[in-house]
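Participant: Build the 3D model from these lines:
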Amino acid sequence: MRPSTFAAATTSALLLATMLTPASAADMTFERGLNVQSEPQNWILHHGNYQGHRFSGLKEINADNAKNLKMAFSVALGGSEGAGTRYKFGDLEATPIVEDGIMYVPDGWGTVYAIDVSEDSMGRLGGPPNLVRVVHDGVRIPLPEASIDVAFSRSLIISQLPGVCHALKDGGVYFTTSKGPASELRQAFYDAGFSSLRFSVGNLRVPYLLALALDDQFRLAAVK
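Facilitator: Numbers count the residues shown, from 1 in each chain. Below is the predicted model:
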């Protein structure tokens with residue numbers, strides 16, 4: 001959880017529903033595990049490779065710039081309440097698996113999360129110094145009412161629309177993508193409490209009457 005457009009004047013942002021976004025992935029085979037060096041952007045084995053080297057071939061982080069690392073986002077996981085006192089395995093941690101920009105990690109209850117950590121979602125957002133990014137699935141930990149300016153999800157999950165609208169401030173915008181029909185999309189957004197919905201195909205804004213005749217993947221901007 002891949003659109004990456006945010007208004008420069010926003011004071012807070014929500015990357016919403018990225019944990020629930022389906023991801024396309026190649027089949028995992030023994031031969032693929034033998035050749036993990038050919039796809040250094042992925043981490044598909046617990047130790048990185050069968051030899052257990054736990055070494056990444058990526059070059060972006062090195063001895064010179066490691067001191068500049070800082071937290072980019074956080075995700076609240078369940079099962080660790082009381083540092084494992086309520087559930088004896090709740091404080092156990094597991095090495096995440098990463099493929100095609102999706103990080104798979106379990107919580108203390110054994111539930112697996114799929115978190116969008118792709119470059120589009122996290123690496124190119126930019127924004128003002130007071131921009132706060134929250135990665136959130138929109139269901140487990142509801143945000144306070146009218147607490148954010150901008151919401152984003154990689155693809156639309158209609159059941160989460162009321163929660164998104166609830167968290168947005170008046171005039172806040174929710175960016176997402178979805179296939180049509182345009183009439184059903186507009187009705188779903190209006191039923192959830194949004195006041196308007198803009199359709200785009202690629203970088204081209206599409207009037208609603210034209211969107212009705214299209215069967216494209218729409219970029220959507222919904223205003224509360």
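
Participant: so how many other residues sit close to Lys59?
Facilitator: Neighbourhood size, Lys59 [other C-beta atoms under 10 Å]: 7. The C-beta positions use only the backbone N, C-alpha and C, and glycine is treated the same way.

Participant: pLDDT at it, what is it?
Facilitator: As predicted, Lys59 sits at a pLDDT of 87.

Participant: low pLDDT regions in this structure?
Facilitator: Scanning the chain for pLDDT under 70 picks out 1-26, 72-74, 76, 78-91, 119-142.

Participant: go again using 80 as the cut-off
Facilitator: Scanning the chain for pLDDT under 80 picks out the ranges 1-26, 70-93, 107-111, 116-144, 154.

Participant: Can you give the domain ranges for it?
Facilitator: The chain breaks down into these domains under automatic domain parsing: 13-24+69-223, 28-68.

Participant: Point out the most buried one among these.
Facilitator: domain 13-24+69-223 (a mean of 17; mean count of other C-beta atoms under 10 Å).

Participant: can you give me the helices for the protein?
Facilitator: 30-34, 161-167, 182-192, 208-211 (DSSP state H).

Participant: Tabulate these (TSV), appending distance to Ala66.
Facilitator: Converted to TSV, the helices of the chain look like this (distance: least, C-beta to C-beta, whole Å):
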stretch	distance to Ala66
helix 30-34	28
helix 161-167	35
helix 182-192	44
helix 208-211	47
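
Participant: Looking at the ones you listed, which is nearest to Ala222?
Facilitator: Shortest distance between Ala222 and those, using C-beta to C-beta, is found for helix 182-192: 4.9 Å.

Participant: ok, and what's touching the closest one?
Facilitator: 156, 158, 161-162, 164-165, 178, 197, 199, 208, 211-212, 214, 218, 220, 222 (C-beta atoms under 8 Å, 6 or more residues apart in numbering).

Participant: Pull the contacting residues for Leu212.
Facilitator: Leu212 makes contact with 181-183, according to C-beta under 8 Å, 6+ apart.

Participant: Try it again at 7 Å.
Facilitator: The contact partners of Leu212, by C-beta atoms under 7 Å, 6 or more residues apart in numbering, come to 182-183.

Participant: where's it relative to Ile148, distance?
Facilitator: With distances taken as C-beta to C-beta, to the nearest Å, Leu212 is found 30 Å from Ile148.

Participant: for Arg154, same thing?
Facilitator: For Arg154 relative to Ile148 (C-beta to C-beta), the value is 17 Å.

Participant: swap in Gly172?
Facilitator: Taking C-beta to C-beta, one finds Gly172 at 6 Å from Ile148.

Participant: which strand in the chain runs the most residues?
Facilitator: Ranked by number of residues, the top strand in the chain under DSSP state E is strand 168-179.

Participant: can you map out the strands along this protein?
Facilitator: Using DSSP E, strands in the chain cover 13-16, 97-99, 102-106, 112-116, 133-136, 148-152, 168-179, 196-201, 204-206, 217-223.

Participant: Alpha carbons of the longest one, as PDB, please.
Facilitator: Included here for strand 168-179 are C-alpha records, laid out as PDB according to Å, rounded to 0.1, in the frame of the first residue of the first chain:
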ATOM      1  CA  LEU A 168     -10.800  13.300   7.500                       C
ATOM      2  CA  LYS A 169     -11.300  17.000   8.400                       C
ATOM      3  CA  ASP A 170     -13.900  18.900   6.500                       C
ATOM      4  CA  GLY A 171     -12.400  19.600   3.100                       C
ATOM      5  CA  GLY A 172      -9.900  16.800   3.500                       C
ATOM      6  CA  VAL A 173      -9.100  14.700   0.500                       C
ATOM      7  CA  TYR A 174      -8.800  10.900   0.000                       C
ATOM      8  CA  PHE A 175      -6.700   9.700  -2.900                       C
ATOM      9  CA  THR A 176      -7.000   6.100  -4.100                       C
ATOM     10  CA  THR A 177      -7.500   4.000  -7.300                       C
ATOM     11  CA  SER A 178     -10.200   1.700  -8.500                       C
ATOM     12  CA  LYS A 179     -11.800   0.200 -11.500                       C
END
